[in-house]
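Q: Just need the structure, nothing else, for what follows:
(chains A and B, ligands or ions: 1)
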Amino acid sequence: MKKELICISCPMSCPLELTIVNGEILSITGNRCKNGEIYARQELTHPQRVVTTTVACRSGLWPRLPVKTIAAVPKDYVTNVVTELHEVEVEAPVLLGQIIIENVANTGIAVIATRSLPHETVKE
Amino acid sequence: MKNQMRKNYSVIVVGGGPAGLAAALGARQAGAERILIIDREVETGGILNQCIHSGFGLHYFKEELTGPEYAERFNQQVRSDKITILTDSYVLNITPDLKIEVISKKHGYLNLRAKAVVLAMGCRERTRGAIRTPGFRPSGVMTAGLAQKMVNMKGVLPGQRVAILGSGDIGMIMARRLILEGCQVVGVFELHPFSSGLTRNKVQCLDDFDIPLHLSTTVAFIHGRKRVERLTLAPVTTDYKPDLKQSWDIQCDTLLFSIGLIPENELSARLRIKMDPATGGPQVSSTMETSLPGVFACGNVLHVHDIVDFVSEESHRAGRYAAELALGMRRPGDNITLYPGENIASCTPHSLSSDREQTIYLRVKQPVKDATLKIGNRYEQKFRTLVPSEMVKLSLPPKVLNHFFGEQLRIEVSSEEGAQ
Ligand code: SF4
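A: Down below sits the predicted model:
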């Protein structure tokens, strides 16, 4: 069986063509680098995504703080992760990389701040 | 007043987004002493601050970062390089002898001087007015980037049931973002027969969430007097005219436009710099200098990029050349001119010098498969696919360029077959 996938590991977006026999990948073509192959195997067995969203931030320069999961979570968990983060509020100042939640939506994966957010009164 | 502003600078960078930050760092690395970045926002980082998704930095940092992380790396470097930043400040005018008038929240009116100026104002989004979408003028019609700022920085949703016109990257990314925030996205509608954003964004933003992408379709009418109530959508004929006989209506309260970006060149226009109609930005030499000596341009104000990594690379170079000029260094003038030929929408820079490696960025007009890119008669490179939404970066070493000394070079792309 032939299956087509688009590698989403980088902006090149390589079109991959997989040959699958009895659920096993026999060949992968179209990838411009080895990450394409890793992606294809992952996507076929356990698709996963890094989640980026925001949480509320009290007295920050902006009222929202951008965050991400430090690793990809199973694709089916994306909505749960975002829903749990809707309830979170942190207090400024926040530092880049600061842990917001240790284990989000029981995935065992932490969520961290993707920027430093100074207090609303701090100006450069 | 404490913190009085200095008046004279070696290099002044207009705009503190990715282009301006990289240009300032480039200028510092080349040895310029007094460098100033001017930005109209409350902080530097530009559009990166609201692009909270990941996908940045794979070329420049060799790892995948979110927009804010990418910005913070540059912000930290700019701070540790002791580059002066003036935020909440707007450049009103630049004169041909490089006096810069600024209006600043903190300092009021300022008249600054620079030995070299780098234009790094970026671009802005095309709006409904640019394509004259018929209909009423209710609230709920806005650009995708504005919705992105509202959602990601201010925590405000633009509406509940959202339609998106244009499959630009910001549009597709906002489709996913709004779904995750609990909105409904009724569809993404694209005038062209192909998506205008990166394919990976179609996959991870639309396909992952079952958001339909309707190609060769446009909004024929916006209904609703106070708030958007419904849209009339229509397929387009091959000459991009809506076919109203086949139109249908869809209920929604919000319409986002993601229909392209325009370099923000009001300052450049006032300086009467020579422009390139194909890019909407200035014409530049191999040192990224515009037709006005001492004025350089880089990033999206020069030509709209699709990858910030390329903006950083190009702008770092522009900053270096600006610093060299400020320090009194002279380079040999360009000896090769470039112009776009068959299936080339635009190419930058507009002239090259054969004394060092040259980087060329270009875009094709039509998608092609198994394409051959030709420069003059002596240089060829093969590409499996080329699409308008993905800018091509070429590096030409001096040993290739030497063949072309004094020539006018035509860049063109040909192919065995047209692609879908
Ligand atoms: S295969 Fe490699 S080059 Fe192609 S999209 Fe995937 S990561 Fe990028």
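Q: make it CA atoms for all contacts and neighbour counts henceforth
A: Will do.
Q: what's the burial count for the closest residue to the ligand within chain B?
A: Nearest to the ligand in chain B, going by Cα to the nearest ligand atom, is B:Arg200, at a distance of 7.9 Å. For B:Arg200, the neighbour count with other Cα atoms under 10 Å in any protein chain shown is 22.
Q: Find the helix or strand that it is a member of.
A: Assigned by DSSP states H and E, B:Arg200 belongs to helix B:199-201.
Q: Pairing partners for the helix or strand following that helix, with directions?
A: As assigned by DSSP H and E, the chain's next helix or strand after helix B:199-201 is strand B:213-214. Strand B:213-214 has these partner strands in its sheet, going by DSSP bridges: strand B:184-189 (parallel).
Q: Need the mean per-residue confidence for the strand it pairs with.
A: Model confidence over strand B:184-189 averages 97 on the pLDDT scale.
Q: What residues of it count as buried?
A: B:Gln184, B:Val185, B:Val186, B:Gly187, B:Val188, B:Phe189 (16 or more other Cα atoms under 10 Å in any protein chain shown).
Q: so what's the fourth one up against?
A: The contact partners of B:Gly187, by Cα atoms under 8 Å, 6 or more residues apart in numbering or on different chains, come to B:Val162, B:Ala163, B:Ile164, B:Ile211, B:Pro212, B:Leu213, B:His214.
Q: separation between B:Ser80 and B:Arg73?
A: Distance check for B:Ser80 against B:Arg73: by Cα to Cα, to the nearest Å, it reads 11 Å.
Q: Please identify which of the two sits among more neighbours.
A: Between B:Ser80 and B:Arg73, counted using other Cα under 10 Å, B:Arg73 has the larger neighbour count: 13 against 9.
Q: So that one: helix, strand or coil?
A: helix (DSSP: H, G, I helix; E, B strand; the rest coil).
Q: quick one: B:Val236 and B:Leu215 touch, right?
A: No. B:Val236 lies out of contact with B:Leu215 (Cα atoms under 8 Å); the separation is 9.0 Å.
Q: Touching both of these two, which residues are there?
A: Counting by Cα under 8 Å, 6+ apart, the shared contacts of B:Val236 and B:Leu215 are B:Leu191.
Q: Find me the pLDDT at the residue of chain B closest to the ligand, would you?
A: Note for B:Arg200: predicted pLDDT of 90.
Q: Ok, the one 4 residues further on next?
A: Model confidence at B:Gln204, given as pLDDT, is 93.
Q: which residues touch it?
A: Per Cα under 8 Å, 6+ apart, neighbours of B:Gln204: A:Ile8.
Q: Look up how far A:Val67 lies from it.
A: Counting by Cα to Cα, the gap from B:Gln204 to A:Val67 is 18 Å.
Q: Run through the residues that contact the residue most central in space within chain A.
A: Nearest residue to the geometric centre of chain A (Cα atoms, centre = their mean): A:Val50, 1.0 Å. Applying Cα under 8 Å, 6+ apart to A:Val50 gives the contacts A:Lys68, A:Thr69, A:Ile70, A:Ala71, A:Ala72, A:Val73.
Q: Going through these, which ones are buried?
A: A:Lys68, A:Thr69, A:Ile70, A:Val73.
Q: in the sheet, who's paired with the second one?
A: Going back to what we said before, that points to A:Thr69. Residues in beta-bridge contact with A:Thr69 (DSSP bridges): A:Val111.
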